[in-house]
Structures are given as C-alpha cells and as structure tokens.
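# Next input, structure requested:
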Amino acid sequence: MKGLTIATFNVNSIRSRMHILKRWLHDSRVDILCLQETKVKNEDFPVEDLAELGYKTAYSGEKGYNGVAVASLVPPDEIRFGLGDGEEPDGSTRMGHARFGDLNIINLYIPQGKSIDHPDYPMKLRFFDRLVKYLDGNFSPGDKLVIVGDLNVAPTDMDVTSPERKRDHVCFHEDVKKAFSNLLDWGLVDVFRKHRPGEGEFSFWDYRVKNSLERNIGWRIDHVLATPQVAESSKEAWVDRGPRSWEKPSDHAPVVAVFDL
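Numbering: from 1, shown residues only. From the prediction side, this is the model:
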C-alpha cells in the first residue's frame, strides 16, 4: 500500500526484541517507527542494527526503564525529547518530538500508574495535563501532527476484554479515560478507530494471562492520533498481531497507519 506509513511499537526492551524488529522491519519497511520502553542507556542503544536495515534513529533512554526512539528511513529535520516545562521528571525518556518538513510526530510512553493509590497514578494524570499544555504551546489543531505511542489507556469498553472487571485499573479508571478524552478534545482524531470501529481490536496481551493472544484477552492501549487534516488523509490502520506470536515477543504488537501526505 502506497503512502506514508507510521508505526508505534512498545518493544519492552529493544535489545531483547531486536530479533523481532529485524524480522518485522525487513517485511514491513514502514517509513517511520516510534518505539517505546526501549530500556537502554543511550550509549548502549543498538544503532547499527537498525542502520543495517536502512533506518536512522534518534533515541533517549535509561537503563532498565522507559525509553523512546524514532527510527525512520529519512532522518527528521528536528528532534527533541521531553516536555521542556521545567517539571520533574522532565519526560525526556517518555516523549520524543520529531519534525519531518511540516509534519510533526510525537512519540509517547505515558506512565502506567501502577495502582490507583500509588504516587505514580497522579503523576500519570499530570503527564496528560502537561502534554496538553505542550500542544497548546507548540501547535494548533490546524497543524500536521500525529501523536503515537503507548498511552496506557483503554479509552472505551470496547478497548479491553471484560471491562466490567477493570473499572479501577490504572489504564481504565474514569480519571484516566477523562484525561485521554481531554487530549482528544484538544483537536485530535483516533485514527485507528476511524478505520477499525469493531470489537476485538487490541494491541497488548498480558504475558501473565495464559494464551492471552490466542484467546484474544487484551487491551488497546497503543494509539495513533492525528489532527483533523492528517486524519482525513489516513488510508488505513491496523494492529500487526504477527510479532506478538513470534519467539520471545514483546507483550505489545505494532500499530500501523498509512497516510496520503
């Protein structure tokens, strides 16, 4: 399919998943790949492995936690990491902003939150507030903007298996769903749902649930959002479940969208 392909993939340790990435990128050849949870210090990032496949990579990470990267066939004109608002943590290993001409891409790994009564949960909600302020300060809904990544939110009942049992989960609580809704209200479209409005569409299948992929017990927490003009140009979007079934996979699968830009 022709067009600009943008993908997001939480690899859950890039060095542990390089066999997955090499195989998938050899077959898919997406134009821009946004990675989350790379879990590696910058000096140890596997730049050459991706370069062998033709990808230029910008990254910001830390040992064992977090980490985001943008790999692209054409290098971005500009790249920066973090929210730059003076708050701590600064989000430098949770957000990357890459500009390709007049197209801006934000790559996110939103905090998971751990539990409703854990200090990480209000930090998660605060991260969404900070993100909206970042958008206010740098963009308008009329700009060409795509936001992708592991946002750690299943926004509707359709986006998680057995929603009635997960109301108090940090990725499905009313507070975090409201935060996600506020992000959309800034001026974004859920591109995936534009093309895939049906049930059973997930991007994460928990390792701890036996045969979760085969039974399709999952969550849709990895997202592709875009401003209206970019969303209008989108031609297709899907979850590529294949890599989740390969040997020693991430618990996430890539989400891919194609745009006529």
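
# Confirm that Ala257 sits in a strand.
Yes - applying DSSP: H, G, I helix; E, B strand; the rest coil, one finds Ala257 inside a strand.

# Quick one: residues contacting it.
Contact partners of Ala257, counting by C-beta atoms under 8 Å, 6 or more residues apart in numbering, are Thr5, Ile6, Ala7, Val146, Val191, Phe192, His195, Val224, Ser234, Glu236, Ala237. For glycine as for every other residue, the C-beta is placed from the backbone atoms N, C-alpha and C.

# Contact partners for Ile106?
Met95, Gly96, His97, Leu145, Val146, Ile147, Val148, Gly149.

# Check Ala58 too.
Ala58 touches Ala69, Val70, Pro75, Pro76, Ile79, Gly96, Ala98, counting by C-beta under 8 Å, 6+ apart.

# Repeat the analysis, applying 7 Å as the threshold.
Ala58 is in contact with Ala69, Val70, Pro76, Ile79, Gly96, Ala98, counting by C-beta atoms under 7 Å, 6 or more residues apart in numbering.

# Export the residues you listed to TSV and append columns for neighbour count.
Shown next, in TSV, are those (neighbours: other C-beta atoms under 10 Å):
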residue	neighbour count
Ala69	27
Val70	26
Pro76	20
Ile79	20
Gly96	28
Ala98	22
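
# out of the contacts of Ala257, which are buried?
Thr5, Ile6, Ala7, Val146, Val191, Phe192, His195, Val224, Ser234, Ala237 (16 or more other C-beta atoms under 10 Å).

# Tell me the first helix or strand C-terminal of the helix or strand encompassing Leu145.
Using DSSP states H and E, Leu145 maps to strand 144-150. Later in the chain than strand 144-150, the nearest helix or strand by DSSP H and E is helix 174-185.
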